[in-house]
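**Student:** Starting from these lines, generate the structure:
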Amino acid sequence: MMIAQRRKFFSYAWLAAVMLWCAIRIGVVSVWLSQYGVNTSVFAVIEIVSSVIYGVASARTVLALVGKRRRNALLWGLASVVAYLVPDVYVFSAGRSLPLLSYVVIITLIVVLGSVGILDVRRRYVQFSKNKTGDD
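**Tutor:** I've put the predicted structure just below:
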């Protein structure tokens, strides 16, 4: 498979994984947090929009890093971080008297999955850098 096709495939696969996680988060908010003032419909719209932005921006971050376009990588990386955090900011701002466990779980997920995301971007950057040839 040519490098450009592989990059496109991995970008779409990443976006699909992000959207699957999006659906899971919407379900969790609907079941456990709607009773605390978090509007599931508002959260779903925010989550879907930010997940698309996050999926695209994080994939573009990797591609910009591979292409040695550090300024673009920084801009796409910032867009990724903002899109990653917006749904959780909404939950914290809309939720009324959320149980302590909710805060612990959300903050833990932000830290753990944010770290996993950063490590994944690094791994994909290294992988694409190693595989980069004159095919594209």
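**Student:** So what's the residue count around residue 17?
**Tutor:** Residue 17 has 12 neighbours, counted by other Cβ atoms under 10 Å. No exception for glycine: its C-beta is placed from N, CA and C like everyone else's.
**Student:** Name the SS class of it, please.
**Tutor:** Classification of residue 17 by DSSP: H, G, I helix; E, B strand; the rest coil places it in helix.
**Student:** Residue 14 versus residue 123, what's the distance?
**Tutor:** 12 Å (Cβ to Cβ, to the nearest Å).
**Student:** Report all helices and strands that the lowest-mean-pLDDT helix or strand in the chain contacts.
**Tutor:** Lowest on mean pLDDT, DSSP states H and E among the helices and strands of the chain sits helix 100-131, with a mean of 86. Judged by 3 or more Cβ pairs under 8 Å, 6 or more residues apart in numbering; DSSP states H and E, helix 100-131 is in contact with helix 3-28, helix 40-66, helix 70-94.
**Student:** what is the orientation angle of it with helix 40-66?
**Tutor:** If you take axes from the mean of the first three to the mean of the last three Cα atoms, to 10 degrees, helix 100-131 sits at 30 degrees to helix 40-66.
**Student:** Could you pull up phi and psi at residue 96?
**Tutor:** Backbone torsions of residue 96, given as degrees, to the nearest 10, read phi -110, psi 120.
**Student:** For the closest residue to residue 56 other than its chain neighbours, the count of nearby residues, please.
**Tutor:** Spatial nearest neighbour of residue 56, chain neighbours left out: residue 15 (6.7 Å); criterion: Cβ to Cβ, 6 or more residues apart in numbering. A count of neighbours around residue 15, defined by other Cβ under 10 Å, yields 17.
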